[in-house]
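> next come a sequence and a model predicted from it.
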Amino acid sequence: QAPLVESGGGLVQAGETLQLSCVGSPGRYWSNYVMGWYRQAPGKEREFVAAISYDGRTTEYSDSVKGRFIVSRDDAKNAVYLQMISLKVEDTAIYYCAADIRGLKAIKEAPDYWGQGTQVTVSS
């Protein structure tokens, strides 16, 4: 079983909103982990999108999504969410959930755990 499982991807039109979900598998205290999101567009490298600290007090975003995406978490459900507002065609990518116990710096460099990804396609 994958440690992290994403859901919520799909096909939407530009300007619409979509929310991704990611649930951590049983057996780990995911509340101790920084959790976040990456994405990989066709022909491009995987890039950091957003992350949230273990206590939910600190969030970080890439410049390309800042002000449009919101990352949140619900530790009672072992879940992290990515609300994507005002989607653009260039947001089309496979979105991956990630987790790292070491902190925000580490999750932006080389996360310990990955999900298998969910496809988001934004049409014009």
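Received, thanks. Numbers count the residues shown, from 1 in each chain.
> what's the residue most central in space within the chain in contact with, if anything?
Centrality entry for the chain: nearest residue to the mean C-alpha point is Trp37, 2.4 Å, by C-alpha atoms, centre = their mean. Counting by C-beta atoms under 8 Å, 6 or more residues apart in numbering, Trp37 makes contact with Leu20, Cys22, Val49, Ala50, Ala51, Val71, Val80, Leu82, Tyr95, Tyr96, Cys97, Ala98. For the C-beta atoms, the positions are set from N, CA and C on the backbone; glycine is no exception.
> in strands only, show me the residues you listed.
Leu20, Cys22, Val49, Ala50, Ala51, Val71, Val80, Leu82, Tyr95, Tyr96, Cys97, Ala98 (DSSP state E).
> which residue packs closest to the last one, ignoring adjacent ones?
Leaving out its chain neighbours, the residue that sits closest to Ala98 by C-beta to C-beta, 6 or more residues apart in numbering is Pro111, at 3.7 Å.
> now do the SS call for Ala76.
Under the three-state scheme (DSSP: H, G, I helix; E, B strand; the rest coil), Ala76 adopts helix.
> count of residues packed around it?
Each residue near Ala76 was counted by other C-beta atoms under 10 Å, and the total is 7.
> tell me the pLDDT of it.
With respect to pLDDT, Ala76 scores 95.
> would you map the helices across this structure?
104-107 (DSSP state H).
> you'd agree Val89 is up against Val120?
No: between Val89 and Val120 there is no contact under C-beta atoms under 8 Å: 11.0 Å.
> still on that earlier bit, in JSON lines, list the ones in strands among the contacts of Trp37 along with neighbour count, pLDDT and distance to Ile107.
JSON lines is the format used below for the ones in strands among the contacts of Trp37 (neighbours: other C-beta atoms under 10 Å; pLDDT from 0 to 100; distance: C-beta to C-beta, whole Å):
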{"residue": "Leu20", "neighbour count": "25", "pLDDT": "98", "distance to Ile107": "16"}
{"residue": "Cys22", "neighbour count": "26", "pLDDT": "98", "distance to Ile107": "13"}
{"residue": "Val49", "neighbour count": "24", "pLDDT": "98", "distance to Ile107": "11"}
{"residue": "Ala50", "neighbour count": "24", "pLDDT": "98", "distance to Ile107": "10"}
{"residue": "Ala51", "neighbour count": "27", "pLDDT": "98", "distance to Ile107": "5"}
{"residue": "Val71", "neighbour count": "21", "pLDDT": "98", "distance to Ile107": "11"}
{"residue": "Val80", "neighbour count": "31", "pLDDT": "98", "distance to Ile107": "11"}
{"residue": "Leu82", "neighbour count": "26", "pLDDT": "98", "distance to Ile107": "14"}
{"residue": "Tyr95", "neighbour count": "23", "pLDDT": "98", "distance to Ile107": "15"}
{"residue": "Tyr96", "neighbour count": "22", "pLDDT": "98", "distance to Ile107": "12"}
{"residue": "Cys97", "neighbour count": "30", "pLDDT": "98", "distance to Ile107": "11"}
{"residue": "Ala98", "neighbour count": "26", "pLDDT": "98", "distance to Ile107": "6"}
